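J.: what's the 3D shape of this:
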Amino acid sequence: MEHSEAQEFISYQPVIRTIGESLQVANDWYTYMNRRRSVREFSDRDVPDELINSIILTAGTAPSGAHKQPWTFCVVRDPSLKRKIREAAEHEERLSYNGRMSDEWLKDLAPLGTNANKPFLEQAPVLIVVFKRPYELEDDGSKHQNYYVSESVGIACGMLIAAVHQAGLVTLTHTPSPMNFLEKILNRPSNERAYLLMPLGYPAEDVMVPNIQRKSLDEICVRY
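T.: Below you'll find the model as predicted:
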């Protein structure tokens, strides 16, 4: 296989496990991840920056088109910014719940108990706002295209959620639509588009979550 002279290659060092060990690790990881839930009530317990940094670095290990890593993770702690984000998000949510969403959509949401009020955007000690970058801006103002941007950022967000759960924290994926207010409030550059808004912290004491059931293996897996 030919490699570009511009790219250095190093030997991959896999973790070698027996089949039994691999099965145990996989089953343990599934059991742990199956406990993950979207949580909307947060403790005021602080989350140290070192922990947030590690979680974001884990998300940054995700694969991406042409290894362009087309993501930016903005960590918001400032109470005034969180207040502005909540106000803007609830404005969009009220429009959605009162006209934008179809009756079928509202019916599907009803068992989860969600509505246009989003107090968690201020209660959570940290907001992570994920932006995707369709292109890069060079110093001279020229643009350099990124590839498979939504797919790449989606994978990174999945790894972020897994890292949050592994750290003993909770989050939820919030997507008020449209989300361009986040670009304005956080004064992001013109090549960034808001992708996901994630409150992050420790769960409130005695928090309740919907008793959801996930699809079985037969419902999500097809073998050929």
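
J.: which SSE is the residue most central in space within the chain in?
T.: Closest to where the C-alpha atoms of the chain average out (CA atoms, centre = their mean) is Cys157, at 3.7 Å. According to DSSP states H and E, Cys157 maps onto helix 149-166.

J.: now the closest residue to Val126 other than its chain neighbours, what's its secondary structure?
T.: Using CB to CB, 6 or more residues apart in numbering and skipping residues adjacent in sequence, the residue nearest Val126 is Leu200, 4.6 Å away. Quick note: C-beta positions are derived from backbone N, CA and C, even for glycine. At Leu200 the chain is in strand, as set by DSSP: H, G, I helix; E, B strand; the rest coil.

J.: Leu200: neighbour count?
T.: 25 (other CB atoms under 10 Å).

J.: over to the one 4 residues further on?
T.: Neighbouring residues of Ala204 were enumerated by other CB under 10 Å; the total is 17.

J.: next, the contact list for the nearest residue to Arg35 once chain neighbours are set aside, please.
T.: Nearest residue to Arg35 in three dimensions, chain neighbours excluded: His165, at 7.8 Å (CB to CB, 6+ apart). Residues in contact with His165 (CB atoms under 8 Å, 6 or more residues apart in numbering) are Tyr32, Met33, Arg35, Arg36.

J.: repeat for Ala163
T.: Ser54, Ile55, Thr58, Ala59 are the contacts of Ala163 under CB under 8 Å, 6+ apart.

J.: secondary structure element for the second one?
T.: When you say that, I think you mean Ile55. helix 49-59.

J.: list the contacts of the helix or strand following that helix.
T.: Downstream of helix 49-59, the first helix or strand assigned by DSSP H and E is strand 71-76. Here strand 71-76 makes contact (CB under 8 Å, 6+ apart) with 49, 52, 56, 59-60, 64, 82, 85, 126-133, 152-153, 156, 160, 186, 188, 192, 195.

J.: pLDDT on the helix or strand just after strand 71-76, on average?
T.: Next in sequence after strand 71-76, counting helices and strands by DSSP H and E, comes helix 79-95. When pLDDT is averaged along helix 79-95, the result is 94.

J.: stretch 178-189 too?
T.: On average, stretch 178-189 scores 96.

J.: if you rank every helix and strand of the chain by mean pLDDT, what lands last?
T.: Counting by mean pLDDT, DSSP states H and E, the weakest-scoring helix or strand in the chain turns out to be helix 103-109, with a mean of 87.

J.: was I right to think Phe181 contacts Glu92?
T.: Yes. Between Phe181 and Glu92 a contact is recorded at 7.3 Å, counting by CB atoms under 8 Å.

J.: quick check: neighbours shared by those two?
T.: Joint contacts of Phe181 and Glu92 (CB under 8 Å, 6+ apart) do not exist.

J.: name the element Asp46 belongs to?
T.: With DSSP H and E as the test, Asp46 turns up in no helix or strand.

J.: hang on, I meant Ile16
T.: Going by DSSP H and E, Ile16 is not in any helix or strand.

J.: that one: neighbouring residues, count only.
T.: 7.

J.: same check on Gln213?
T.: 6.

J.: from Gly158, how far off is it?
T.: The gap separating Gln213 from Gly158 is 21 Å, by CB to CB, to the nearest Å.

J.: kind regards, and thank you for your time.
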